[in-house]
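1. turn this into a model:
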Amino acid sequence: MHVLYLLLSVFVGSLLVIVSSISPARTGVSTFELVRRRELGNKDAEHELRRETLIADLYSMRRLAVGVSLVAFVFMSIAAWGMAWGALVSFALAVAYGKLATLPVVHAIAMKIYEENEASLMHAIEAHPASMRALRGVVWVESRAMLSSRQELEYLVRESQGILHEQDKRRIINSLHFNERTVEEIMTPRGVISSVKHTDIVGPYILDALHKTGHSRFPVVDEDIDHVVGVLYTRDLVTLSDKRSKTAGEVMDDHVFYINRDQTLDHALTAFLKTHRHMFIVVNEYRETAGVLTLEDTMEALLGYKIIDEFDQHDDLRAVADRMARRNNNPPHATNV
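-> Next up is the predicted model:
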């Protein structure tokens, strides 16, 4: 019997060290990100989310196993060596088992055993929620606040109540997606571009027409809108000192800057700052004019609200273009194929 208690004390002592060395893996990302990845069909994320949800219960079970093992070792030691020596051996193990649990070889063995049985442990926890709630109350598990993705940051911004003003929310969310959006999304479409022919005489009639558009700069075209040769600024027209009639081609700025419609808004904003220009001609892959992009358009996309002054005739020129498009190539007997 003495030998049996001795063997049992060695077994329980070893079990105590191994259980103490178990450390259920914590995921490197937040719960929100795990949920997002699970919804995308990531099986590993589903398992990690399940573990993260039960992490407090897993640590509770480990704490319970450590406590039971320590008590059992004390009884086995006393039964094997007597009260004095048993108490001394138990005290020595109580002091040393934490250090022994940190040994690499011990930790490797402990984690191998745990990983093989983790699924069963989680199933047992889920099967006895009431018991685990009672046990969980005595165990503290560190909760980690972290941001793991841009989507999570956007979610936190959207759901914040009483912290951020709605305008601040829009600004943050728009900035998060700024580099994903393209020039084509916000440009003024070619159907509503106000342009001037380079042969037009700059006189009262054309000045009045330009003023009514509410714009301050206009593409100057040669043959048609696909042949932009310059940019006409209204500020240059009102300061003309020469009384001789001039054409738009004579007073225009012949420096024209083009940007592809597939470029990102981040690229466009960088280009505006680099060139010190306020308007680009947007072209497609065939160098046809697709629209125009202004610095104002780009800043509105970044800030999340319209910048409108008293000269603006329309809040949204894209909406105007959409209404006009419904009338384009749409005779009474039209058929779409």
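
2. skipping adjacent residues, who's closest to Val245 in space?
-> Residue 245: Ser, not Val. Ile201 (5.3 Å; Cβ to Cβ, 6 or more residues apart in numbering). The C-beta positions use only the backbone N, C-alpha and C, and glycine is treated the same way.

3. read off the pLDDT value for the one you found.
-> Reading off the confidence values, Ile201 has pLDDT 84.

4. please apply the same query to the one 10 residues further on.
-> Confidence per residue is given as pLDDT, and for His211 that number is 73.

5. returning to that earlier point: okay, the residue nearest to Ser245 and Ile193: tell me how far apart.
-> 21 Å (Cβ to Cβ, to the nearest Å).

6. would you map the helices across the stretch 101-250 of the chain?
-> Per DSSP state H, counting those that start in this stretch, the stretch 101-250 of the chain carries helices over the ranges 104-127, 129-136, 150-159, 166-177, 183-186, 204-213, 234-238, 248-251.

7. compute the first-to-last residue distance for stretch 95-114.
-> Start-to-end span of stretch 95-114 (Cα to Cα, to the nearest Å) is 24 Å.

8. returning to what we had before: who's more crowded, Ile201 and Ile193?
-> For the pair Ile201 and Ile193, the greater number of neighbours falls to Ile193 (22 against 11), based on other Cβ atoms under 10 Å.

9. how much space between that one and Thr247?
-> Counting by Cβ to Cβ - Ile193 and Thr247 are separated by 20 Å.

10. domain-wise, how is the protein divided?
-> 2-136, 150-175, 181-325 (automatic domain parsing).

11. between those domains, which gets the lowest average pLDDT?
-> domain 150-175 (a mean of 78).

12. gap between the two ends of that domain?
-> One end of domain 150-175 to the other measures 11 Å (Cα to Cα).

13. pretty sure Leu64 belongs to a strand, no?
-> No - counting by DSSP: H, G, I helix; E, B strand; the rest coil, Leu64 is located in no strand; its state is helix.

14. ok, it - how many residues close by?
-> Neighbours of Leu64 (other Cβ under 10 Å): 14.

15. same check on Leu232?
-> Neighbours of Leu232 using other Cβ under 10 Å come to 24.

16. what do you get for Trp81?
-> Neighbours of Trp81 (other Cβ under 10 Å): 18.

17. list the contacts of the residue nearest to Ser245.
-> Ser245, Lys246, Thr247 (Cβ atoms under 8 Å, 6 or more residues apart in numbering).

18. so which of the residues you listed are in strands?
-> Applying DSSP state E to the contacts of Ile201, the entries found in strands are Lys246, Thr247.

19. and which of the contacts of Ile201 is nearest Glu185?
-> The shortest gap between Glu185 and any of the contacts of Ile201 belongs to Thr247, at 35.1 Å (Cβ to Cβ).

20. isn't the closest one up against His198?
-> Yes - look at Thr247 against His198 with Cβ atoms under 8 Å: they come within range, at 6.4 Å.

21. higher neighbour count, these two?
-> Each of Thr247 and His198 has its neighbours counted (other Cβ under 10 Å); His198 has more, 20 against 15.

22. how many neighbours does the closest residue to the more buried one other than its chain neighbours have?
-> What sits nearest to His198 in space, not counting adjacent residues and going by Cβ to Cβ, 6+ apart, is Gly249, at 3.4 Å. A total of 18 residues lie near Gly249 under the criterion other Cβ under 10 Å.

23. so which of the helices of the stretch 101-250 of the chain comes closest to Leu40?
-> helix 150-159 (10.7 Å).

24. now for that closest one, which elements pack on it?
-> The contact analysis (3 or more Cβ pairs under 8 Å, 6 or more residues apart in numbering; DSSP states H and E) places helix 150-159 against helix 31-39, helix 166-177.

25. distance from the chain centre to the shortest one, please.
-> Yep, that's helix 31-39 we're talking about. Chain-centre distance of helix 31-39: 13 Å, with Cα atoms, centre = their mean, to the nearest Å.
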